[in-house]
Each structure stands twice: as C-alpha cells, then as structure tokens.
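In: build me a model from this:
(one chain, ligands or ions: 2)
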Amino acid sequence: MFRNVNFEDIFRDLFGNSDSIFKDFFKFDFGRDFFRREERGRNINVRMEIELEDVAFGTKKNLTYTRTKRCDYCNGTGAESPEDFKTCDLCKGTGEVKEVKRMGFSQFVRITSCPKCKGKGKIITKKCKYCNGNGKLREKSSVVVEIPKGIRDGVSLRYKEMGEYRGSYGDLYVTIRVKPHRFFKRDGNNVIYRAEISFPEAVLGTKIEVPTLYGNEMIKIPSGIQYNDEIKLRGKGLPRMGSFGKGDQIVKIVFRTPEKLSRREKELYRELLELHSS
Ligand SMILES: [Zn+2]
Ligand SMILES: [Zn+2]
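Out: Ligands and ions are numbered 1, 2, ... in the order given. Have a look, this model is predicted:
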C-alpha cells in the first residue's frame, strides 16, 4: 500500500498542479543550491606593491591581468547566430529533468538541471567561431588602480564585475601592499626614522640633515640628548586617509659608545675620567 505513495501526487492533490509549490518545498528541504545555481564568475585577487611615497602622495597605477570574459561576438551564447539553436530533446526545453527515486516505502521526485543542455533548455547547432561554443574567452583586461593618500597596508580595493565571467562577472580585488622603505618605518600615520650621531655629538649637541618624505630637513640636536630620544617633525608623516592633515616624522636619535679609540682620544677620555673622580 505504501509502495504506491507518490509525494508528487499528494502535493498535487493538496496544492493543485503548481510547479512553484514543488520548488518551494524542495528549496525548503534541500537548500537554495538544490535547483539551478545562479551562475557567477569567480572573484580575482591581485596583489599590488606600492612605495611609501605612493602612500604620501597618492597615485594611479595601471593594472593589466588575464581573465575570462564574455564573448562579444555571440553575446556569451556560444552560437554563431541566434538561429543556431535547437530545443533540447532530453528536457524538452525546460532545462530540468525529474528523477523519481524509491527509498524504502516512499517515492521521491528530485528535479535536477538537465545534463544534456546543462540547464539551458537549448542546444547549439553551430558553434561561435571565436569562442568555440564556450560563450567566453581568455583575454587581457586592465584597470586604473587609484591609490588614495594615506592608504593602509593590506587594504583591498574592489572593482565590480572586473573578475571572471561565468554567466555573469565576479569582482576584482586589488590588495595593496606597501613595500618596506630604506629609511622609514611606518607607524599608523607617523613615520619613524633612526638617525645615528656620534658620541661627542650626543654630548655637545649638533645639527644634522635628515631625509623626510617631502625632502631633506636640517634638525638641531640639543646637547646631552639621550639614546632613543625622539625629535618630532610635525606634519612630515603620512596623510590621514579620507581626512585632513598629516602625521609626524619621528626622528629617533641613536649613537654608539666608541670602541676603537686613537691614542689622542684615549688621552682625552682619561682626562675626563680624572675630572669626574676628583
Ligand atoms: Zn536539456
Ligand atoms: Zn562566441
């Protein structure tokens, strides 16, 4: 008796002969992907290396890459002309096939995408000569990547529909990596620069020239400066992204205790020592 139970018939009796109710039922039961998956091309992730100077001033860079694009000749259909199609004989043009399965006492109806026409309902009779019936081609693409002032390391910029094509376009993500700089270390909107001076300069004070992102600057080192003391150059750091003003350049003063001394230097240090102990 149970052997003859047919869910499709039961539903038909309950809800009338409506396809949508079946679809809703199966959607609920098996999840969204059970029916034809909405096709979308993959996203493309590209890494772009920039200099710290690019962060300071902002820049535009041309990015060229290869991706799958829709064939313009056949508008992605894969057919030589709009007449070069015939209705799929397996699914009769519906794009889906019903599979009836018995499981124990029950009988299930499963609706799947037609394997012959891949759910399209149509079969190409004459393939497009440019894409060989694929409807898509590997081609070079390019975008102008606009790098805003003050951009952070690791930020991804999104370019809508510049990704791979597969029915529709995915997106392109350009991840910005800031290369290490030969002089500066970044700390948020500040840049850190280590300036090495001599031991006597630290004791007596001096003037030195330091590089900044905006050209060289003379700075005054006061006498008696301590190791790792910081001198702040206001507004010589990086611009705040999407805002006003700039960070600072922090000049860290470093020096070494002299190791190799000339005879004369030794004499002078001995004199200093005697002066201190007396
Ligand atoms: Zn078919
Ligand atoms: Zn084509």
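
In: contact partners for the residue nearest to Phe108 when sequence neighbours are not counted?
Out: Using CB to CB, 6 or more residues apart in numbering and skipping the chain neighbours, the partner closest in space to Phe108 is Lys101 (4.8 Å). Any C-beta I mention is one placed from the backbone N, CA and C, and that applies to glycine too. The contact partners of Lys101, by CB atoms under 8 Å, 6 or more residues apart in numbering, come to Gln107, Phe108, Val109, Arg110.

In: so where does the last one fall, helix or strand?
Out: Spelled out, that is Arg110. According to DSSP states H and E, Arg110 maps onto strand 106-113.

In: adjacent strands (with direction) for that strand?
Out: Paired neighbours of strand 106-113 in the sheet (DSSP bridges): strand 96-103 (antiparallel).

In: is ligand 1 within reach of the partner strand?
Out: No - using CB under 5 Å from the ion, strand 96-103 stays clear of ligand 1, coming no nearer than 7.2 Å.

In: least confident secondary structure element in this structure?
Out: Every helix and strand in the chain was compared by mean pLDDT, DSSP states H and E; the lowest is helix 19-30, with a mean of 44.

In: show me what counts as buried in the very next helix or strand once past it.
Out: Later in the chain than helix 19-30, the nearest helix or strand by DSSP H and E is strand 44-50. Neighbour counts over strand 44-50 (16 or more other CB atoms under 10 Å) mark Ile44, Val46, Ile50 as buried.

In: can you list contacts of whichever helix or strand comes after strand 44-50?
Out: Sequence order places helix 52-57 as the next helix or strand after strand 44-50, per DSSP H and E. For helix 52-57, the external contacting residues (CB under 8 Å, 6+ apart) are 147, 149-151, 178-179, 181, 184, 186, 191, 213-214, 238-239.

In: can you select the buried ones from those in ChimeraX?
Out: Buried subset of the contacts of helix 52-57, written as a ChimeraX selection, criterion 16+ other CB under 10 Å:
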select :147,149,150,151,178,184,186,191,213,238,239
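
In: among the contacts of helix 52-57, name the ones in helices.
Out: Residues of the contacts of helix 52-57 located in helices (DSSP state H): none.

In: okay, the contacts of helix 52-57 in JSON lines with distance to Gly167 next?
Out: Below are the contacts of helix 52-57 laid out as JSON lines (distance: CB to CB, whole Å):
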{"residue": "Ile147", "distance to Gly167": "32"}
{"residue": "Lys149", "distance to Gly167": "38"}
{"residue": "Gly150", "distance to Gly167": "38"}
{"residue": "Ile151", "distance to Gly167": "33"}
{"residue": "Val178", "distance to Gly167": "36"}
{"residue": "Lys179", "distance to Gly167": "38"}
{"residue": "His181", "distance to Gly167": "44"}
{"residue": "Phe184", "distance to Gly167": "47"}
{"residue": "Arg186", "distance to Gly167": "42"}
{"residue": "Val191", "distance to Gly167": "47"}
{"residue": "Leu213", "distance to Gly167": "46"}
{"residue": "Tyr214", "distance to Gly167": "50"}
{"residue": "Leu238", "distance to Gly167": "42"}
{"residue": "Pro239", "distance to Gly167": "41"}
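
In: could I get the contacts of helix 52-57 as CSV with distance to Gly76 and pLDDT?
Out: As requested, those are exported to CSV (distance: CB to CB, whole Å; pLDDT from 0 to 100):
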residue, distance to Gly76, pLDDT
Ile147, 33, 95
Lys149, 39, 95
Gly150, 40, 96
Ile151, 35, 96
Val178, 39, 97
Lys179, 39, 97
His181, 46, 97
Phe184, 49, 98
Arg186, 45, 97
Val191, 49, 98
Leu213, 48, 97
Tyr214, 50, 97
Leu238, 44, 97
Pro239, 43, 97
